[in-house]
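1. predicted model follows, preceded by the sequence.
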Amino acid sequence: MLSQTLPGIRTDRWMGIFIFIHMAAWTLIPYFVRYTLPLDAMEGATWGHQLEWGYDKNPFLNGWLTALAVYLDGHSGFVVYLLSQICVGICFWAVWQLAKKMLPPVYALVAVLLLEGIQYYNVHSIDFNDNTLELALWALTSLCFYNALKSEAIRDWLLTGLVAGLGMMAKYYTAILLIPMALFLVTNRTGRHALMKPGLYLGLMVFIAVITPHLIWLFAHDFVTVNYAMERVSSLPTWSNHFIFPSEFSWQQFQAFLPPLILILLLFVGDKPKQTPPRIRLSVFDKRFLFYVGIGPFLLTILLSTLTGIKLRAGWGTPLLSLWGIILISWLQPHITPARFYRFLFLFFMLLGATVLGYATALIRASEPSSANFPGKFIAQSLTREWHRTYHSPLPYVAGSRWFAGNIAFYSPDRPTVYIDWNKKMSPWIDETEFNHKGAIFVWDNSEKKKYLSPEVLARFKHLGPLRIMHFSWLRNRSLAPIEMTVAFLPPDDANEIFAIRH
C-alpha cells in the first residue's frame, strides 16, 4: 500500500516548499502589518520578563519561550511571530511523518495540506500562546507515541515523555490527549505489550521530571493556575449547560474543519480513472490509533462537558484537528491522478495567498478598533519620556491591565516590570515594599468603566500622584474615537523626600 506513488511527484520537496511558504507568509505579514503584538503574545512577554515555574493563567513554557524571543530580538516582535510559525511548521512536519506511515506519500501530503484551510493553522496562529504551542507538542506527542509503540525503542519512549511533559507545561488541556493514549495502551494488544517493557516507565519518569517543578510551584502559589482554569469552565449551573456547551463546541469545530471538507472535493473533480484504483487499507492498529489519538480527545472533551456542564472555549479545539486530515483522506480515499493533484495544488496555493492578502487588507483598512493598530509603542515612549523628565531615572514598574501595562512594559526602552491589576496572585514576583520605594506608572482603560482606583488600592499606595485622563489616536484610522486611559505616577521615595524638603 505504501508503495503507491504518482510518477514525477516529489512529495518531500512539495512538503518542504509548503512549510517554507506558510512560515514565511504568516511570519512576515503580521510583522509588517501589525503595529503591536497580539494580546496573548503581549501577555507572554509580560510573564517572561521574570522566569517563574508558572503564571496565573498557564504553566511556564509559554512565558519562557516568549522571553527567549524577546531576548533574541528586542521588541520588534519578529521572533515572536516566527516562534508561532515554527510551532505550526513542527505540527505539519509531525503529521506528515505520521501520515507517511499509514498512507501513500501523495495522500499523506494532501492530508497535511488540508490543515492549512483551518483557521487555527493560519490567521489564529499569529498569536503566540498556549494553543499555538499545543499544535506542535500534541502532534509531536502523537508521532513519538506511535513510534514508541511500533519500535519499542527506549529512545522513542523517552521522547514521548519529554514532549508530553512539555505539552502539559504549555497547557493542562494536554491531559485530554494523554487520557485516550492511556486507554489505547490498555485496550490494544501492542499497547498492553508495552506495559511489560521498561521503556514506557522510563518515559513516564521523564514526564514527571518535566512537570515536577511546576507542581511544586503550584503548591507554593495556592494553585492559582488551576483556579483560573476552573473559573474559565464554570458558569451558572443549569441543566441546559450539559447540552448547549458541548453542542456549541462541536458546531464550532465543524465550522473550523469546513474548509478542508470543501478543499478535498477538488480531488473528486476531473478525469475519471479507467479502472477502479486499489483501496488504501489501514491496519487495525492504525485505525484504532487514529480513533483513540485523533478523535478521542474531541470525544472526551464533549463527554466531560455533557456530564459536568462545564463551559468549553472554541480555541481549545486548536490542537484537536491535527490528525483529522489523515482520517478524512483514509475515509474518502479520492483517486488522486497527476492532473487532479496539480490542479488541487494550484488552487490550494491560490487559497493560501488569498487568505494572507485578506488578513493584511482587513487590518490595514480596519474600520473598527483592532489590537493591530493600537499605538502601544507611542504610548510607552511618551510615558517613559515623561517619567525621565520628572524623576531623572529609569522606569522600574508599570501597573495596570495586562494590555495597557503590557504594551508599556514591552515597548518602553526601560523594560519595566508589570504589576498586573495590582494583584499579588497575578504578579507574585512583585515585592510591594520595593515597588513603593522605586515608584511606578499606573495605567488603566477607561472603556472598562474603571476611571477610579478602588479605595483598597489607593490605601496601599498613599503617595500616588493625581489621576490624569489621556487620549491617544488609533493608528491608520484616526477617525475612530480616541483611546482614553487614566494615568497616575507613583513617585520613587527619593522624589518624595525632595518634595518634603522643599515644602
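-> Looks like it arrived, so ask away. Numbering: from 1, shown residues only.
2. ok, which stretches of the stretch 101-250 of the chain are helices?
-> Assigned by DSSP state H, counting those that start in this stretch, the stretch 101-250 of the chain shows helices spanning 105-113, 130-151, 154-170, 175-187, 189-194, 198-220, 224-233, 241-263.
3. and these: which comes nearest Pro338?
-> The stretch from the helices of the stretch 101-250 of the chain with the least distance to Pro338 (CB to CB) is helix 105-113; that distance is 9.3 Å. Where you see a C-beta, it was placed from the backbone N, CA and C, and this is true even at glycine.
4. show me what that closest one is in contact with.
-> Helix 105-113 is contacted by residues 2, 4-6, 9, 11-12, 14-15, 18, 92, 95-96, 99-100, 102-103, 263-264, 267, 280, 325-326, 328-330, 336, 341, 344-345, 348 when judged by CB atoms under 8 Å, 6 or more residues apart in numbering.
5. also stretch 445-461?
-> With contact meaning CB under 8 Å, 6+ apart, stretch 445-461 is reached by 401, 403-404, 422, 432, 436, 442, 444, 464, 467, 469, 484-486, 488, 490.
6. now restrict these to buried residues only.
-> When neighbours are counted using 16 or more other CB atoms under 10 Å, those contain these buried positions: 401, 403-404, 422, 436, 442, 444, 464, 485-486, 488, 490.
7. out of those, what pair is the most spread apart?
-> Put simply, by CB to CB the two of the buried ones among the contacts of stretch 445-461 set farthest apart are Trp403 and Asn436, 24.3 Å from each other.
8. in the stretch 351-500 of the chain, which segments are predicted with low confidence?
-> Counting by pLDDT under 70, the stretch 351-500 of the chain contains low-confidence residues at 448-452, 495-500.
9. and the strands in it?
-> 397-400, 417-420, 440-445, 468-472, 483-490 (DSSP state E, counting those that start in this stretch).
10. now render those as JSON lines, adding distance to Asn131.
-> Below are the strands of the stretch 351-500 of the chain laid out as JSON lines (distance: least, CB to CB, whole Å):
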{"stretch": "strand 397-400", "distance to Asn131": "25"}
{"stretch": "strand 417-420", "distance to Asn131": "21"}
{"stretch": "strand 440-445", "distance to Asn131": "24"}
{"stretch": "strand 468-472", "distance to Asn131": "30"}
{"stretch": "strand 483-490", "distance to Asn131": "27"}
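11. domain boundaries for the chain, per the record?
-> Taking automatic domain parsing as the domain assignment, the record places the domains of the chain at 11-233+267-362, 373-502.
12. close enough to count as contact, Val33 and Ala362?
-> No - contact between Val33 and Ala362 fails when scored by CB atoms under 8 Å: they sit 9.4 Å apart.
13. any residues in contact with both of those two?
-> A shared contact of Val33 and Ala362, defined by CB under 8 Å, 6+ apart, is any residue touching both; here there are none.
14. of those two, who's got more company?
-> Val33 (18 against 14; other CB atoms under 10 Å).
15. now do the contacts for that one.
-> When the contact criterion is CB under 8 Å, 6+ apart, the partners of Val33 are 359-360, 363-364, 372.
16. returning to that earlier point: now, of the contacts of helix 105-113, which are buried?
-> Applying 16+ other CB under 10 Å to those flags 6, 9, 11, 14-15, 18, 92, 95-96, 99-100, 102-103, 263-264, 267, 280, 325-326, 328-330, 336, 341, 344-345, 348 as buried.
17. give me the nearest residue to Val80, chain neighbours excluded.
-> Using CB to CB, 6 or more residues apart in numbering and skipping residues adjacent in sequence, the residue nearest Val80 is Ala69, 4.6 Å away.
18. the host helix or strand of the one you found: which residues count as buried?
-> The secondary structure element spanning Ala69 is helix 61-73 (assigned by DSSP states H and E). For helix 61-73, a neighbour-count test (16+ other CB under 10 Å) marks 61-67, 69-70 as buried.
19. cool, stretch 235-243 as well?
-> Of the residues in stretch 235-243, those buried under the neighbour-count criterion (16+ other CB under 10 Å) are Asn241.
20. contact partners of that stretch?
-> Applying CB under 8 Å, 6+ apart, the contact partners of stretch 235-243 are 245, 305-311.
21. run through who's touching stretch 150-157.
-> Contacts for stretch 150-157 (CB under 8 Å, 6+ apart): 101, 144, 147-148, 190, 193-194, 197-200, 202-203.
22. still on that earlier bit, which strands and helices sit next to the helix holding Ala69?
-> The criterion is 3 or more CB pairs under 8 Å, 6 or more residues apart in numbering; DSSP states H and E, and the helices and strands that helix 61-73 contacts are helix 39-48, helix 78-100, helix 130-151, helix 154-170.
23. for Gln381, which of these is the nearest?
-> The closest of those to Gln381 is helix 39-48. By CB to CB, the value is 16.2 Å.
24. can I get the closest one as CSV, trimmed to CA atoms?
-> The C-alpha trace of helix 39-48 is given here as CSV (Å, rounded to 0.1, in the frame of the first residue of the first chain):
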residue,chain,number,x,y,z
LEU,A,39,-2.9,40.2,23.2
ASP,A,40,-1.7,36.7,24.2
ALA,A,41,1.8,37.3,22.9
MET,A,42,2.0,40.5,24.8
GLU,A,43,0.8,38.6,27.9
GLY,A,44,3.5,36.0,27.3
ALA,A,45,6.1,38.8,27.2
THR,A,46,4.8,40.2,30.5
TRP,A,47,5.2,36.8,32.1
GLY,A,48,8.6,36.0,30.6
